[in-house]
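S.K.: Sequence first, predicted coordinates after that:
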Amino acid sequence: MALNLHLLRMFVAVARAGSFSRAAEGMNLSQPALSKGVRDFELQVGCRLLNRSQKGVVPTSEGLALLKYAEDLFAAERAAEEMLSSKRNLNNGSLRIGASTTIATYMLAPYLGAFHRAYPGIDLHLVSANTREIAEQMAAQEIDIGLVEGPIDEGVVVAEEWRTDVMKLIVSEHHDFASAMEPIDPQLLGGEVLILREPGSGSREVVAQALASNNIEPLRFLEIGSTAAIKQAVAAGIGVSIVSTVATRDQVRLGYLKAVELRGITVERSLWRLRLSDRTPRPAARVFDNLLDDPEVPNPSDG
């Protein structure tokens with residue numbers, strides 16, 4: 001029995017979206033047409049692939065098994081398309097890059113610019129999400145390049161150290177710590193509201209480990225889902241935070257935020273480049289991957 005690849009794409013779209021309506025919107029189809037397509041596909045393969053409920057849809061065990069094969073199939077299709085593009089000297093095609101929030105916002109622009117100048121015919125797509133989400137997208141072969149801020153555990157995804165990022169305590173310009181002439185006692189954080197990123201963020205994991213290893217327990221925690229919003233909250237005096245120095249350089253230079261040293265504590269983290277252990281990168285991905293190690297490209301973390 002030959003699978004209908006058009007119907008298979010419909011099933012994959014619904015399984016990934018967890019909703020017929022969201023999948024229909026993404027495929028530019030009507031929901032009834034998509035629902036009928038998936039039902040026809042289930043009849044073709046002879047088993048139920050999705051469990052439907054008012055809360056959405058989730059794949060059955062058969063659906064999960066088929067989803068893995070479908071992702072491999074469509075990844076091979078994209079690889080073939082990219083190979084053909086490479087035969088035309090990378091004059092066209094696409095490159096999908098996934099990066100943790102801080103990397104995507106503050107570090108990637110020089111590399112994207114260098115790649116675009118060299119290969120203007122390649123369409124660049126940048127996805128920004130937290131470390132866990134980027135690792136999941138790499139495992140599902142939805143992105144070609146993955147750069148994250150924390151350790152990962154995602155099966156076929158292999159993490160290799162890319163560079164080191166320094167993190168520092170930031171406070172508002174009116175905070176008592178802002179006038180400190182020397183590194184402060186880190187135990188003073190016990191009287192502060194510490195603002196952290198959401199669970200799954202690499203920066204949150206690094207900060208939590210640094211605090212735990214030094215027996216530091218802040219007064220309260222406040223969770224905010226973006227570094228930009230954290231900086232605004234700190235500047236407004238809501239709390240303090242420990243974030244990448246590349247993310248706060250402009251605000252510190254302008255005086256809106258103050259970077260404060262912690263006595264006896266250096267918070268650093270490795271930034272990681274993700275690879276699939278069982279896949280050969282496509283030509284455009286190999287070129288961009290090499291660019292990430294090119295010393296001629298300005299590195300924002302060195303500025």
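M.R.: Structure received.
S.K.: Give me the helices and strands touching the longest helix along the chain, please.
M.R.: Secondary structure of the chain per DSSP state H: the longest helix is helix 61-86. With contacts defined as 3 or more C-beta pairs under 8 Å, 6 or more residues apart in numbering; DSSP states H and E, helix 61-86 has these neighbours: helix 5-17, strand 93-100, helix 283-291. C-beta coordinates here come from the backbone N, C-alpha and C atoms, glycine included.
S.K.: now, of those, which is deepest in the fold?
M.R.: Counting by mean count of other C-beta atoms under 10 Å, strand 93-100 has the highest mean neighbour count of the helices and strands packed on helix 61-86, with a mean of 22.
S.K.: That one: how far from the chain's middle?
M.R.: 10 Å (C-alpha atoms, centre = their mean, to the nearest Å).
S.K.: and what of stretch 165-174?
M.R.: 23 Å.
S.K.: Which positions in it come out as buried?
M.R.: Buried positions in stretch 165-174, judged by neighbour count with 16 or more other C-beta atoms under 10 Å: 165, 167, 168, 169, 170, 171, 172.
S.K.: give me every residue that touches the fifth one.
M.R.: When you say that, I think you mean residue 170. Neighbouring residues of residue 170 by C-beta atoms under 8 Å, 6 or more residues apart in numbering: 231, 234, 240, 241, 242, 243, 248, 252, 257, 258, 259, 260.
S.K.: could the helices and strands packed on helix 61-86 be laid out in JSON lines, adding distance to residue 81?
M.R.: Formatted as JSON lines, the helices and strands packed on helix 61-86 follow (distance: least, C-beta to C-beta, whole Å):
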{"stretch": "helix 5-17", "distance to residue 81": "14"}
{"stretch": "strand 93-100", "distance to residue 81": "7"}
{"stretch": "helix 283-291", "distance to residue 81": "11"}
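S.K.: Compare the ones you listed and give me the one nearest residue 274.
M.R.: strand 93-100 (8.2 Å; C-beta to C-beta).
S.K.: tell me what the closest one is packed against?
M.R.: Strand 93-100 packs on helix 61-86, strand 122-129, helix 131-139, strand 145-148, helix 283-291, going by 3+ C-beta pairs under 8 Å, 6+ apart.
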